[in-house]
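1. Next one to model:
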Amino acid sequence: MKVDFTPDPQLYPFESRWFDSSRGRLHYIDEGAGPPLLLCHGNPTWSFLYRDIIVALRDRFRCIAPDYLGFGLSERPVGFGYKIDEHAHVVGELVDHLGLDGYLTMGQDWGGPISMAVAVERADRVRGVVLGNTWFWTTDELTTKIFSRVMGSPPMQWAILHRNFFVERLIPAGTQRRPSAAVMQHYRAVQPSPEARKGVAEMPKQILAAHALLGRLASEVPANLGAKPALFVWGMKDFAFRPGPTLPRMRAAFPDHVVVELPDAKHFIQEDAPERIAAAIVERFG
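-> Model (predicted):
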């Protein structure tokens, strides 16, 4: 199925582009000129999440932001499983299709594992790594395991599919700056029906189900990418990826790193602190 929604050009002043991947039609934006910067979103967001960062950076960087299949304006293909390795495979196809070389990669939430899965296979083409409020290893945090099991339970799957729970509850809870009605509508409108929300419903289950991929990334990211310069932009008030348990593992994986703390930002750092994130990317890689 295709989502029928036209973003407001005042909020999302970008040209929509399309890539016919092996699994379905992917929507993405490709704005500006300069070193390529791949921007990977999480759940339940889409390339819209990066809008202010792209506007701030497109005079210095070529900003490429895909919507995963099942998210944003991308297709919801019949037979697609919405597993993390499947998303990474499709994003990897886009990176190869665009011929990205010497590219920076940024990921937040599920964008971390997805961007890292793409990058470990193309390490010679990766210039640097930006990560924020994310992870790339099998979780040993009890609260995270409980979250995955609860969100994968039949009542919560029903709430995600039929009440758009992730958009209606988790985006407001995960932002310090309350999103405007217009911004919320852009997250809501791309998930218009239970059929359109299958990708959103699958991702919390993948915290435990993607055990094999996450276990592989835990060793392959330091081995293949650990020598790259890294930037960590961290929302210090995030309830999901608290800095105490998470940042030490990030630091250990990437010895050449800079940490920029976003003291008031919660989980959706691109909504809470886009200007500071853009400035940090320029300072580190501009």
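
2. give the contact list for Asn43.
-> Neighbour list for Asn43: Phe71, Asp109, Trp110, Phe166, Val200, Met203, Pro204 [criterion: Cβ atoms under 8 Å, 6 or more residues apart in numbering]. C-beta coordinates here come from the backbone N, C-alpha and C atoms, glycine included.

3. what about the first one, how many neighbours?
-> If you count neighbours by other Cβ atoms under 10 Å, Phe71 ends up with 30.

4. for it, helix, strand, or coil?
-> At Phe71 the chain is in coil, as set by DSSP: H, G, I helix; E, B strand; the rest coil.

5. Wait, it touches Phe48, no?
-> No: counting by Cβ atoms under 8 Å, Phe71 stays clear of Phe48, with 10.0 Å between them.

6. what's the overlap in contacts for the two?
-> Common contacts of Phe71 and Phe48, defined by Cβ under 8 Å, 6+ apart, comprise Val190.

7. what is the mean pLDDT for stretch 105-112?
-> Stretch 105-112 shows a mean pLDDT of 98.

8. Just confirm Asp101 is within a strand.
-> No: applying three-state DSSP, one finds Asp101 to be coil, outside a strand.

9. so it sits right up against Arg125, yeah?
-> Yes: using Cβ under 8 Å, Asp101 makes contact with Arg125 at a distance of 4.8 Å.

10. Export the contacts of Asn43 as JSON lines, with columns for distance to Leu231.
-> Shown next, in JSON lines, are these (distance: Cβ to Cβ, whole Å):
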{"residue": "Phe71", "distance to Leu231": "24"}
{"residue": "Asp109", "distance to Leu231": "17"}
{"residue": "Trp110", "distance to Leu231": "19"}
{"residue": "Phe166", "distance to Leu231": "27"}
{"residue": "Val200", "distance to Leu231": "28"}
{"residue": "Met203", "distance to Leu231": "24"}
{"residue": "Pro204", "distance to Leu231": "27"}
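
11. Can you tell me which of those residues has the most neighbours?
-> In the contacts of Asn43, the most neighbours by other Cβ under 10 Å go to Phe71, 30 neighbours.

12. now the strands for the stretch 101-250 of the chain?
-> Ranges of strands in the stretch 101-250 of the chain, per DSSP state E, counting those that start in this stretch, are 103-109, 126-134, 230-235.

13. could those strands go into CSV alongside distance to Val282?
-> Conversion of those to CSV gives the following (distance: least, Cβ to Cβ, whole Å):
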stretch, distance to Val282
strand 103-109, 11
strand 126-134, 12
strand 230-235, 10
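
14. Quick test: name the residue nearest the centre of this structure.
-> Nearest to the mean C-alpha position of the chain, by Cα atoms, centre = their mean, lies His41 at 2.0 Å.

15. where's it relative to Ala65, distance?
-> 7 Å (Cβ to Cβ, to the nearest Å).

16. what do these two both touch?
-> Common contacts of His41 and Ala65, defined by Cβ under 8 Å, 6+ apart, comprise Ser47, Tyr50.

17. about what we covered before: isn't the residue nearest to the centre of the chain right next to Ile53, touching?
-> No: counting by Cβ under 8 Å, His41 does not reach Ile53; the two are 11.2 Å apart.

18. ok so, going back, neighbour count winner among Asp101 and Arg125?
-> Between Asp101 and Arg125, counting by other Cβ under 10 Å, Arg125 is the more crowded of the two (16 against 13).

19. Contact partners for the more buried one?
-> Applying Cβ under 8 Å, 6+ apart, we find Arg125 in contact with Val95, Leu100, Asp101, Gly102, Tyr103.
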